[in-house]
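**Student:** Kindly return the folded structure for what I paste below:
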Amino acid sequence: MSDTKASSIEAQRAAMAFGLACALFLFTGCKAVSPSNVAVGPGYSASNIHKEHRKLAADIRRVAVLPSTCDTTDANLGAGRETIETLLREELGKTKKFEVVTVSPEQLRQWTGRKSWAAEDVLPTTLLKTLREKLDCDVVLFSRVTQFRAYPPLAVGLSLKLIVASDAEQLWALDEVFDAGDPSVAVSARRFQQARDPMPAALADSRGILVSPSGFGRYAASAAFETLPSR
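**Tutor:** Numbering: from 1, shown residues only. Below you'll find the model as predicted:
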């Protein structure tokens, strides 16, 4: 084979390789920034919040998380409460603002005669004192699931209260419904998914969180705790 012919074949092979590389780049590049993977628009910020202080006191370090409550006559709430309860504990721990200790229903029944208490209940006068003595906690988290829709558009309603164990001061409270039917909520949920999804951008699809009750519930819990006083 002549040198000229060999050079021509090598040039053709190089051109083909270059063309394949360009096609692959265009394909993966376009996929990575395709509209399906990009959450566009303003996000959602929870607003129905009360903060007694902007910053947590240095001596508030340990939080006792009580079992979540809900309207037991609503089957949807009952089905979602257990899942949301777990997600609340996990996402609270991820804030790194407290040492989190979980109070089981059986512990609460043994100490107070009931397996759950809502912040809106008429609480036993000894409840906070008992929790402080038994668990050495500084604050107590009351949580109530007010809404749970497990089909699109997903929705999670949360009523959360952080109470100081020593004097019953309400340190922080939130009452919000995170409804994926609101475009700003959907955008924030997808951004949350994108930030936590370990998959490459070319393969991930942030829209998945909008059809996953547990994924959306995790977003709602995280977004709620983002409003806690700073440390």
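
**Student:** can you tell me the helix or strand for D59?
**Tutor:** D59 is part of no helix or strand, with elements assigned from DSSP states H and E.

**Student:** how much space between it and A118?
**Tutor:** According to CB to CB, to the nearest Å, D59 stands 27 Å off from A118. The C-beta positions use only the backbone N, C-alpha and C, and glycine is treated the same way.

**Student:** For the two, indicate the residue with more neighbours.
**Tutor:** It is A118, of D59 and A118, that has more neighbours when counted by other CB atoms under 10 Å, with 15 against 8.

**Student:** which residues does the closest residue to the more buried one other than its chain neighbours contact?
**Tutor:** Nearest residue to A118, sequence neighbours excluded (CB to CB, 6 or more residues apart in numbering): T69, at 4.5 Å. By CB atoms under 8 Å, 6 or more residues apart in numbering, the contact set of T69 is 81, 116-118, 142-145.

**Student:** In strands, which of the residues you listed appear?
**Tutor:** Within the contacts of T69, residues falling in strands by DSSP state E are 142-145.

**Student:** Identify each buried residue in stretch 209-217, please.
**Tutor:** By neighbour count on 16 or more other CB atoms under 10 Å, the buried set for stretch 209-217 is 209-210, 213, 215-217.

**Student:** same question but for stretch 181-193, I mixed them up
**Tutor:** Of the residues in stretch 181-193, 185-193 count as buried by neighbour count, 16+ other CB under 10 Å.

**Student:** Relative to the whole chain's centre, how far out is it?
**Tutor:** Centre-to-centre, stretch 181-193 and its host chain are 12 Å apart (CA atoms, centre = their mean, to the nearest Å).

**Student:** so how far is R196 from L171?
**Tutor:** On the measure of CB to CB, L171 and R196 end up 27 Å apart.

**Student:** More neighbours: these two, which one.
**Tutor:** L171 (21 against 12).

**Student:** Look at that one and tell me its secondary structure.
**Tutor:** strand (DSSP: H, G, I helix; E, B strand; the rest coil).

**Student:** Please shift the residue numbers so they start at 50 in all later answers.
**Tutor:** Right, with 50 as the first residue, what we last looked at is L220.

**Student:** ok so F265 is a helix residue?
**Tutor:** Yes - counting by three-state DSSP, F265 falls inside a helix.

**Student:** check contacts around it.
**Tutor:** Applying CB under 8 Å, 6+ apart, we find F265 in contact with 203, 205, 227, 229, 238, 258-259.
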